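Trainee: model the following, please.
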Amino acid sequence: MSQFSRRDFLESSMFAAATAALASRSGLSFAAEEAVPGSADILRVAVVGVNGRGGSHIDGFGKRKDCQIAAIVDVDEVVGNRQADAIEKRFGKRPTVYTDMRKCFDDKSIHIASIATPNHWHALAAIWAVQAGKDVYVEKPVSHNVFEGRQLVEAARKHKKIVQTGTQSRSNPGMRELIQIIHDGGIGEVKLARGLCYKQRGSIGPRGNYDVPASVNYDMWSGPAQMTTLTRPKFHYDWHWQWETGNGDLGNQGIHQMDIARWGLNEMSLGETVLSYGGRFGYEDAGETANTQVCIHQYAGGRRLVFEVRGLKTEKYKDAGVGVIFSGSNGYAVMPSYNGGTQFDKDGNKVKDFGGGGDDNHFGNFVKAVRSRNIEDLNADILQGHLSSALCHVGNISYRLGTPVAAKDITAKLQGDDEALETFDRFQQHLLDNKVDPATTKITLGPKLTLAGKEEFSGERAAEANKLTTREYRAPYIVPQTADL
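Mentor: Numbering: from 1, shown residues only. Below you'll find the predicted structure:
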């Protein structure tokens with residue numbers, strides 16, 4: 001077992017923040033000779049994790065004339081070989097199949113690692129790939145905790161690698177145009193961004209002791225996480241709802257909307273305070289993460305990012321279910337999709353619709369930056385991915401430190417904050433609509449945590465909260481300390 005010191009973490013954070021700030025001001029580009037691929041070369045891609053979202057990575061790179069799926073990595077041999085057969089049938093050449101990503105990364109002919117593993121592997125896999133000289137496309141959230149996300153940013157900068165985050169909305173023309181309208185004052189001064197993850201999720205089945213599929217290398221699948229007994233019926237995907245490997249829907253679907261909300265607010269920090277409340281309501285199962293949750297992130301100047309997760313049946317809010325709503329002094333904007341949305345005036349009249357985009361834009365944007373060696377060409381540089389992922393993590397930290405209380409206690413806590421009370425009133429009505437009575441059901445209320453301008457907590461309960469910004473890593477799957485990056 002290995003535990004990182006807080007000093008190492010803070011030194012890493014401050015150093016990486018400074019280099020990132022410099023890059024954002026002046027434009028950080030890397031000389032062409034530092035890249036493996038030449039401008040005319042076919043980029044050889046290794047897709048790491050191919051059971052779910054990895055299929056989209058295969059499609060995104062495989063159909064490009066300037067890219068080739070040269071390798072795939074999956075700890076499930078059945079899944080890996082099935083995908084290799086499909087790739088050969090579709091694109092004419094069978095990729096090499098690995099179960100150990102380190103052996104794949106040793107291949108110097110691989111230019112790009114495209115990572116779509118479970119969340120707990122994202123940061124370490126990307127760091128290993130960067131250390132091996134690869135450029136990286138890494139899925140959201142880019143980390144399982146705050147510490148390792150910051151380490152990935154620093155590794156990318158140290159090794160001068162292009163690292164794109166899989167938040168594809170940042171490459172969609174409609175979304176980019178509408179965000180620019182907001183930045184230019186098109187809806188006035190914006191004090192509130194509300195992210196919504198209203199996505200119905202059912203029970204994942206009873207907690208118990210289940211067998212890991214025989215084709216899976218469970219030691220490698222567990223990687224940085226503890227190698228625990230399997231307690232959920234479905235091995236694949238449902239890891240999202242257990243803390244050891246997942247981050248709940250806040251860090252699964254919600255990270256997309258969290259990223260758009262922070263982008264629209266034009267914020268480049270984790271804010272000043274965070275408070276979260278919620279619970280897992282409507283059923284008892286093997287899941288641990290909240291299926292109904294609210295996070296309130298406070299920024300300077302009274303600016304606020306509020307995020308709502310609803311996994312039970314629900315109606316849309318202002319015509320958005322999975323989306324973002326920006327409230328301004330002269331109007332508002334609603335983004336109900338990945339591709340754009342609608343601008344309204346302050347009387348609710350439609351001003352303009354914005355739309356257009358898809359995954360191809362984001363993979364194409366990454367390839368462009370790989371060629372140019374300029375991180376400013378990236379629409380979703382790893383620093384952006386880290387900050388948005390970390391917002392999800394700090395919200396979950398407040399929730400995980402929470403205490404089950406009565407609804408009236410939360411109402412009392414929120415007194416004097418009209419917006420927060422309105423959000424909580426809708427939260428309670430949502431529970432009632434799903435036959436969960438908030439008057440008799442305990443709701444977990446997390447502490448209001450202070451962030452003090454750094455990626456650490458200060459003040460009351462800071463010691464407990466800071467422990468949750470990292471984890472106990474399992475050798476040899478250890479996210480490196482700064483000196484070892």
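Trainee: and the helices in this structure, which stretches?
Mentor: 6-26, 54-62, 77-91, 101-105, 119-131, 146-158, 173-183, 218-222, 254-265, 359-372, 382-400, 407-413, 418-433, 462-467 (DSSP state H).
Trainee: kindly reformat those helices as a markdown table containing distance to G271.
Mentor: Every C-beta, even on glycine, is put in place using the N, C-alpha and C of the backbone. Below are these laid out as a markdown table (distance: least, Cβ to Cβ, whole Å):
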| stretch | distance to G271 |
| --- | --- |
| helix 6-26 | 15 |
| helix 54-62 | 31 |
| helix 77-91 | 39 |
| helix 101-105 | 34 |
| helix 119-131 | 22 |
| helix 146-158 | 13 |
| helix 173-183 | 18 |
| helix 218-222 | 33 |
| helix 254-265 | 9 |
| helix 359-372 | 26 |
| helix 382-400 | 8 |
| helix 407-413 | 19 |
| helix 418-433 | 15 |
| helix 462-467 | 14 |
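Trainee: could you pull up phi and psi at the spatially most central residue of the chain?
Mentor: Relative to the mean C-alpha position of the chain, the nearest C-alpha, by Cα atoms, centre = their mean, is the one of P141, at 2.1 Å. In terms of degrees, to the nearest 10, the main-chain angles of P141 are phi -70, psi 150.
Trainee: contact partners for it?
Mentor: By Cβ atoms under 8 Å, 6 or more residues apart in numbering, the residues touching P141 are N119, H122, G149, N247, G251, I255, G385, S388, S389, C392, H393.
Trainee: what mean pLDDT does stretch 388-404 get?
Mentor: On average, the pLDDT along stretch 388-404 is 98.
Trainee: got the buried residues for that stretch?
Mentor: The neighbour-count check on stretch 388-404 (16 or more other Cβ atoms under 10 Å) flags 388-402 as buried.
Trainee: show me which strand runs longest in the protein.
Mentor: Ranked by residue count, the top strand of the chain under DSSP state E comes out as strand 190-198.
Trainee: which strands and helices sit next to that strand?
Mentor: The contact analysis (3 or more Cβ pairs under 8 Å, 6 or more residues apart in numbering; DSSP states H and E) places strand 190-198 against helix 254-265, strand 304-310, strand 322-328.
Trainee: with adjacent residues omitted, what lies nearest to the residue nearest to the centre of the chain?
Mentor: Excluding the flanking residues, the one nearest P141 by Cβ to Cβ, 6 or more residues apart in numbering is S389, at 3.7 Å.
Trainee: touching, the one you found and H256? I think so.
Mentor: No. Counting by Cβ atoms under 8 Å, S389 sits too far from H256 to count as a contact (11.0 Å).
Trainee: which neighbours do those two share?
Mentor: Common neighbours of S389 and H256, using Cβ under 8 Å, 6+ apart, are K140.
Trainee: so who does Y137 touch?
Mentor: H57, I112, A113, S114, I115, V163, Q164, G166, F363, F366.
Trainee: dump the residues you listed to CSV, plus neighbour count.
Mentor: Compiled in CSV, the contacts of Y137 are given as follows (neighbours: other Cβ atoms under 10 Å):
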residue, neighbour count
H57, 26
I112, 25
A113, 28
S114, 31
I115, 29
V163, 32
Q164, 31
G166, 26
F363, 25
F366, 28
